[in-house]
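[1] The sequence isn't on hand, but the structure is:
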């Protein structure tokens, strides 16, 4: 259980800072620190076992059909990363408490930070790779939120967007890669994947899968050419930079390389891609760092460079190199986080972090100076610091690399160059900020409060201690982590300070002295760089690319979506014709063996009426009221056809829907023009539409004919045979299908109906039509006495019928949907006959609530089956309760009642609100409106 | 005997429906069309009842009942629109 709690604690901790925000800054900080420290404690409790080589794997089924399990794994590597995340996390929380000002919403900050912490822990402790991808996305999102924390700064928003785009792109690639990987191995569990390295490397899809996974790793770890999001993410508050963008999140990429090392590494593709990209990033970023005048920018490029170094080490694919990679991950996290915090202190106390302005701070900030000096020494790889150890080992591995054939000097040379540049920018960082002339800073510099220096001090102390006594301090952890990366015994790791005079020592000496020399010549280099440095930054390229994509998409969208309904329908129909037509051409249009039904006179008349009225609707469509009447006939004939073809349920539904449609159209027609303007002449578009409509209509008829002349075994036989007790518990197969077999569909549909009703309600709010053009009143009497006195008794009668239709629904034609429509028509009739005021005074039901209650009832009735341990929506359930004994419940009735209520509620919300739209408030002018008193006039 | 009577009734109702269709299309006034639609509802009820007798089934009775009710509401709504220019006020 412990691994689950370690991940869950920070995620639960997301809420605490938001709740404690109101009690002040300190409680808020403590509320974030508390879950962090608790998780850290739990992690420590697992420490001894992990150091002893134990691997904890726990798993709960989540979405088993997709292979997604809630599975966690704590091995040496996961432990190491969790330690970094929680340890540095705790220090960053303390630092942030002092760093953020009173104006910054601190609760929000810590909530985001905890979200990130939980997500990152999820990444490093996942056993299931799909779960890993899930948490991976979460880190991208929380990083986005944290970079854009000062959302009023445009650069922060741009930086956040860029980071999300790049890492999100990589996340998608990673996801695809992991799915491919899972398919190759047949499992998404790391235990299986890590053990099948040979199978994976021999697979034909190995290279595409590798590229996708590496895309994820390289974007996250800011490897060239995806590096540029990291410097732009420096707009985030410094605690975020120290935590996410140096110590943890950007390490997720190299973590992935380490995690997948047993499964993916060892091929020549892996070596050339990973090492190549790493070396390029190492040198390029170190070079750029030298020219950055922004303190955080310098550190950002330095981070990219060091990540490149780690990538190179994993790229080598050898055991020893992978161990050094893990070692450097720890060292870099310690010294880079401390340096970022130092940069934050300088920025905080001086008001600027421009290296050209800063200078001579040694005098004013002695303690900060010492901390920065020690941190930089570790970064530069000076002996007796932790950075030296891993860098020396890196040089040694580069020297020993057997894979380079005729160019054995190439990798060591590039590595030395990287070390040299690293030395140069480290010297620059210390010298230009703390030595030299005192600059004109916006604030008078002084050492910060103790709370801000303490986290830096802890990290620097680690750097020094590891540098002096590597074996006792870091040895066991490194061994355990390396064992996880190598998926086997790493053997004895030599962490001694002096290995004798070898090539690595020479390379180190060249790097240290060369770097110092390089730094002294910087003034000339700046001049040179300004001349030859192209005005081309990753940010610029990225923005142009985004702009180009957006423009292209906008063009496509505006071509397809020009607001013309005719065009949409033409595109839809045209595509359908193509999609259905191609198979028809391929398989021929031979009718099947079934005999045709006898035709009778009445049917001929009915179909004739249908065809004529359909055509008439198209021809008369410009006179909209007439079109409504004619289309009413179409609906009527279709219902009659359902009657004749033995579909009484459909007939009842069609009839009810027909009338509601007429009501709806008339209500809409009140506020719309009463006629459609002529388009003038016969256009090309009309010709196209006629052809399209004819082809689509005749094609559908043809397909129906082809299908119906063939014997067809469909699922309906199963439905017919199982509708009765005990499976369905009803005789009307249509209703049983609706409420039981396809109950999930129905539940979705009534939810849509509810949402549609609420949506229409929301859209009609605030719409007001005082006078609608083209409205003609021919009669003075708003509420004719005949109509009012006739419709009221009718209400009782119709509702009685709807109840009857509702209850018999399960065994005979009927059911909740039809009954609901009938009831709402009966209620609307009262609005129609007696007016809104009269009716709403007597119907004090909140129809919105009624519709929502209907959906709730349907869902609840679906849950009844849970009580008996059966899946959701098992409608016929057998219970056995103590005392009462066994009994059967068929919850379909309640489900159907839910449908009934939803239909009534939604229909009434829609119709009555549309009706309100037509309210003419002003005094009735008796003379003016009655100009056309003769209703018989055409 | 019943069969012959049914056939004649079917024929007459079909003729009536065709005449309704003529009035519906010809108009000339909107009211003519509304009345034509309403009459079509009534004739459809006849057809359905006859079908029920012919097939000796009472399954179709509800459809006829519903046309009677719904047809009335539809006609009322159309007439109200014609008279007042608005359905619900």
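    Looks like it came in fine. Remember, predicted model here, so these are calculated numbers, not experimental data.

[2] for the residue in chain A positioned nearest to chain B, what are its contacts?
    Residue of chain A nearest chain B, by CB to the nearest CB: residue A:915 (3.1 Å). C-beta here means a position set from N, CA and C on the backbone, and glycine is covered the same way. Neighbouring residues of residue A:915 by CB atoms under 8 Å, 6 or more residues apart in numbering or on different chains: A:667, A:831, A:836, B:87-89.

[3] Make CSV from those and add neighbour count and secondary structure to it.
    Shown next, in CSV, are these (neighbours: other CB atoms under 10 Å in any protein chain shown; DSSP: H, G, I helix; E, B strand; the rest coil):
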residue, neighbour count, secondary structure
A:667, 25, helix
A:831, 24, helix
A:836, 17, helix
B:87, 27, coil
B:88, 26, coil
B:89, 20, coil
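
[4] so where does residue 6 fall, helix or strand?
    In the absence of a named chain, chain A is used. Assessed by DSSP states H and E, residue A:6 sits inside helix A:2-12.

[5] Not quite, go with chain B.
    For residue B:6, the element it lies in under DSSP H and E is helix B:2-26.

[6] and residue A:322, what does it touch?
    Residue A:322 touches A:258, A:261, A:265, A:313-314, A:316, A:482, A:485-486, counting by CB under 8 Å, 6+ apart.

[7] cool, residue A:232 as well?
    Here residue A:232 is in contact with A:155, A:158-159, A:162-163, A:539 (CB under 8 Å, 6+ apart).

[8] Need the max-distance pair from these.
    When CB to CB is used, the two most widely separated members of these are A:155 and A:163, lying 12.2 Å apart.

[9] does residue A:60 sit in a helix, a strand or a coil?
    strand (DSSP: H, G, I helix; E, B strand; the rest coil).

[10] Spatially nearest residue to it, not counting backbone neighbours?
    Distance criterion CB to CB, 6 or more residues apart in numbering or on different chains; nearest residue to residue A:60, sequence neighbours excluded, is residue A:70 at 4.4 Å.

[11] before we move on, what SS does the one you found have?
    Strictly by three-state DSSP, residue A:70 counts as strand.

[12] hang on, isn't it packed against residue A:64?
    No - using CB atoms under 8 Å, residue A:70 makes no contact with residue A:64, being 10.5 Å away.

[13] neighbour-wise, which of the two wins?
    Using other CB atoms under 10 Å in any protein chain shown, the more surrounded residue of residue A:70 and residue A:64 is residue A:70, with 16 against 8.

[14] got a pLDDT number for that one?
    For residue A:70, the model assigns a pLDDT of 89.

[15] likewise the one 4 residues further on?
    What the model reports as pLDDT for residue A:74 is 90.

[16] for it, what are its contacts?
    Contacts of residue A:74 (CB under 8 Å, 6+ apart): A:2-3, A:46, A:50, A:55-56, A:82, A:125.

[17] Which among those count as buried?
    By neighbour count, with 16 or more other CB atoms under 10 Å in any protein chain shown, the contacts of residue A:74 hold A:3, A:46, A:50, A:55-56, A:82, A:125 as buried.

[18] Low-confidence ranges, chain B, go.
    Regions of chain B meeting the criterion pLDDT under 70 are absent.

[19] re the thing from before, quick one: which of the contacts of residue A:232 is most hemmed in?
    Each of the contacts of residue A:232 was scored for neighbours by other CB under 10 Å, and residue A:163 scores highest at 28 neighbours.

[20] wouldn't residue A:107 be in contact with residue A:20 here?
    Yes - contact criterion CB under 8 Å: residue A:107 and residue A:20 qualify, at 7.1 Å.

[21] any residues in contact with both of the two?
    Common neighbours of residue A:107 and residue A:20 (CB under 8 Å, 6+ apart) are residue A:28.

[22] residues contacting residue B:66?
    Counting by CB under 8 Å, 6+ apart, the residues that residue B:66 touches are A:652, A:655-656, A:822.

[23] So which of the residues you listed sit within helices?
    If you go by DSSP state H, these have A:652, A:655-656, A:822 in helices.

[24] before we move on, the earlier item: helix, strand or coil for the residue of chain A closest to chain B?
    Here residue A:915 is recorded as helix under three-state DSSP.

[25] Which residue is the nearest non-sequential neighbour of residue A:30?
    Nearest to residue A:30 is residue A:20, by CB to CB, 6+ apart, at 7.6 Å.

[26] any idea how far the residue of chain A closest to chain B lies from residue B:55?
    Residue A:915 sits 41 Å away from residue B:55, taking CB to CB, to the nearest Å as the criterion.

[27] Quick check: residue B:13 touching residue B:45?
    No - using CB under 8 Å as the test, residue B:13 is too far from residue B:45 to be in contact (9.7 Å).

[28] center of chain B, which residue is that?
    The centroid of chain B falls nearest to residue B:41 when counting by CA atoms, centre = their mean (1.6 Å).

[29] The contacts of residue A:322 also near chain B: which ones?
    With the criterion set as CB under 8 Å from any CB of the partner chain, no member of the contacts of residue A:322 is near chain B.

[30] Need the contact partners of stretch A:154-167.
    Under CB under 8 Å, 6+ apart, the answer for stretch A:154-167 is A:139-141, A:143-145, A:147-151, A:219-220, A:226, A:228-230, A:232-236, A:539, A:542, A:546.

[31] Which neighbouring elements make contact with the helix or strand containing residue A:553?
    Using DSSP H and E, residue A:553 sits in helix A:538-560. In terms of contacts (3 or more CB pairs under 8 Å, 6 or more residues apart in numbering or on different chains; DSSP states H and E), helix A:538-560 is packed against helix A:154-185, helix A:229-232.

[32] Can you give me the buried ones in the first one?
    In terms of neighbour count (16+ other CB under 10 Å), helix A:154-185 has its buried residues at A:156-167, A:170-182, A:184-185.
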